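> dropping the sequence and predicted coords here.
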Amino acid sequence: MPLIKKTFSKESLGKWEIQGDYLVNGDNKVRFKSITFDNEILKWIEKSIAEVSFITKLNATLLFYKNIAQIITTNTDESTKDIEKLLTDNNLEENIKILCEILSNKERLIDSYCEAIAEKYEKQLESRGFEIAEVNNDLAKYTYPLIIKPKDCGEYYFAFCIETSKYNDKPVNYGVQLFKQDSDYIDNFMINRISRYLGIRESRVLFDPILLEDGEEDEEEWWWGYQTETELESELQEFLDSNKIKDLNDELKPIQAYCDAIHEIKKTIENNYKDYVMTTEEDEEYWELGEDNYISVWHKDFNDEKLYFSIDMFESSQSIFFQSQLHGLNIFMGERAFPILKEVLSVDDSAFREGSHCALFAYLTQGDKMNPKDFTKEKFINFFESMREQVYSFNQKIKDDLAKGQDSKLRKFL
């Protein structure tokens, strides 16, 4: 319904075209009538006012609506000022009551709108394997009057939703959002883990790869943003037409097994290797800033040491790395320290990964790389078992050297 002229935006028409008194989309053809504020709505209001003049409150509401409609159809930059003038000049008390009544019913009106959308797309949702989901709005900071998701989802899933804030007057938002079954909250660690697991990141753009300076595509992004309601239906149709959300949710299903494996590793270390310490990204404050996820394990004998090797799982760019790295080396003296480190450990270059002599960390040669979907507790524990005696031996040699005080070969490189 245009304000004045019988013209429609591309977003309103979608794939349909106007041909005379018909809307045409391929072989589909339906009759339609364009209704405008100035030709139809205002005339209907005037007719209604004459018929209900004896009902005071309804008559006042229609007059108020008529004045607002006349202002917004003038299509001038003074519309906002005109509305303010209308509210304050004539019958201020009654106008404010009507306005407050409209605002007080905002939530109910939004719910009704969402119900209408759900009803309109009901058959299409069913035939394409989607459903209306629910969340507990009593606990949430936001309310979700409409959530549309694929039927077969795991504990975490992406869905098309309409979102409104419970605590301010921000506009109604819609887009694709990440949800968790039976919960209104997903912590930053999990969002970071899911992002890296799928190779995407949160954005206002729907799966739009970011181009890096060298022209290579970065990780895809999932779309979430503040959009106008006028484009909602066309975006919803795009969501339903695309297989990306279903494919993404299918990829996301194993994420819980991946998370469970990390927790099982921690339990195994705590129960079966009581002399070892294990930390994850959740134990370190700075990992909240979006750094890569990790597991790091070392023997308690070296808890207080400034220079030591750990056995690690490191997650980055859709890959899992098993490795053993040296912590505590002065980054400006790494190249000078490396020959001394080999001397203290009684090893040659073959014990270290290529490039370790000039890197921030020195890595032992042994390691592995895999897809996060192939990651299991057993694989990490096997790697840990294969490395722990060697790592303990290296850490003991470093500790013995540092204990020599001024005669230590490594102390000056800390």
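Sure, I can see it.
> all strands for the stretch 101-250 of the chain, in order.
130-132, 142-150, 156-165, 173-180, 200-203, 220-223 (DSSP state E, counting those that start in this stretch).
> go through these and find the least confident stretch.
Lowest mean pLDDT within the strands of the stretch 101-250 of the chain: strand 220-223, at a mean of 43.
> sorry, back to before: output the strands of the stretch 101-250 of the chain in TSV; the columns should cover distance to Glu235 and mean neighbour count.
(Each C-beta comes from the backbone N, C-alpha and C, glycine too.) Putting these into TSV (distance: least, Cβ to Cβ, whole Å; neighbours: other Cβ atoms under 10 Å) gives the following:
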stretch	distance to Glu235	mean neighbour count
strand 130-132	15	17
strand 142-150	11	20
strand 156-165	8	21
strand 173-180	7	20
strand 200-203	15	17
strand 220-223	9	20
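> what's the closest of those to Asp111?
strand 142-150 (5.2 Å; Cβ to Cβ).
> wait, which of the strands of the stretch 101-250 of the chain is closest to Leu326?
Closest approach to Leu326 among the strands of the stretch 101-250 of the chain (Cβ to Cβ): strand 200-203, 30.5 Å.
> figure out which of the strands of the stretch 101-250 of the chain is closest to Asn382.
strand 156-165 (28.0 Å).
> strands paired with that closest one, and their directions?
As defined by DSSP bridges, the strand partners of strand 156-165 come to strand 142-150 (antiparallel), strand 173-180 (antiparallel).
> mind putting these in a markdown table, distance to Gln406 included?
Below are these laid out as a markdown table (distance: least, Cβ to Cβ, whole Å):
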| stretch | distance to Gln406 |
| --- | --- |
| strand 142-150 | 62 |
| strand 173-180 | 56 |
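> could the strands of the stretch 101-250 of the chain go into TSV alongside distance to Lys373?
Listed next are the strands of the stretch 101-250 of the chain as TSV, based on distance: least, Cβ to Cβ, whole Å:
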stretch	distance to Lys373
strand 130-132	25
strand 142-150	19
strand 156-165	15
strand 173-180	18
strand 200-203	15
strand 220-223	17
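> closest to Lys377 out of those strands?
Closest to Lys377 of those, according to Cβ to Cβ: strand 156-165, at 20.0 Å.
> what's that closest one in contact with?
Strand 156-165 has contacts (Cβ atoms under 8 Å, 6 or more residues apart in numbering) with 107, 110, 114, 133, 141-150, 170, 172-181, 186, 190, 194, 222, 232, 235-236, 239, 245, 248-249, 252, 255-256.
> end to end on stretch 16-29, go ahead and measure it.
Stretch 16-29 stretches 9 Å from its first residue to its last (Cα to Cα, to the nearest Å).
> Phe309 is nearest to which of the strands of the stretch 101-250 of the chain?
Among the strands of the stretch 101-250 of the chain, strand 200-203 comes nearest to Phe309, with 31.9 Å by Cβ to Cβ.
> how is the chain divided into domains?
35-104, 107-246, 256-413 (automatic domain parsing).
> now do Asp301 against Tyr276, distance only.
From Asp301 over to Tyr276 the distance is 10 Å, taken as Cβ to Cβ, to the nearest Å.
> more neighbours: the two, which one.
The neighbour comparison of Asp301 against Tyr276 (other Cβ atoms under 10 Å) goes to Tyr276, with 17 against 14.
> can you give me the pLDDT of the more buried one?
For Tyr276, the model assigns a pLDDT of 95.
> now swap in Lys404 and tell me
pLDDT for Lys404: 92.
> next: Ile381.
95.
> same check on the one 10 residues further on?
Looking at Val391, its pLDDT reads 95.
> measure Lys379 to Gln366 for me?
From Lys379 to Gln366 the distance is 14 Å (Cβ to Cβ).
> all strands for the stretch 301-414 of the chain, in order.
Remark: strands assigned in the stretch 301-414 of the chain by DSSP E, counting those that start in this stretch are 308-316, 319-327, 362-363, 368-370.
> for the third one, packing partners?
By that I understand strand 362-363. strand 319-327, helix 334-345 (3 or more Cβ pairs under 8 Å, 6 or more residues apart in numbering; DSSP states H and E).
> list of residues touching it?
Strand 362-363 is contacted from outside by Gln323, Ser324, Gln325, Leu326, Leu329, Gly334, Phe338, Leu341, Phe352, Arg353, Ser356, using Cβ under 8 Å, 6+ apart.
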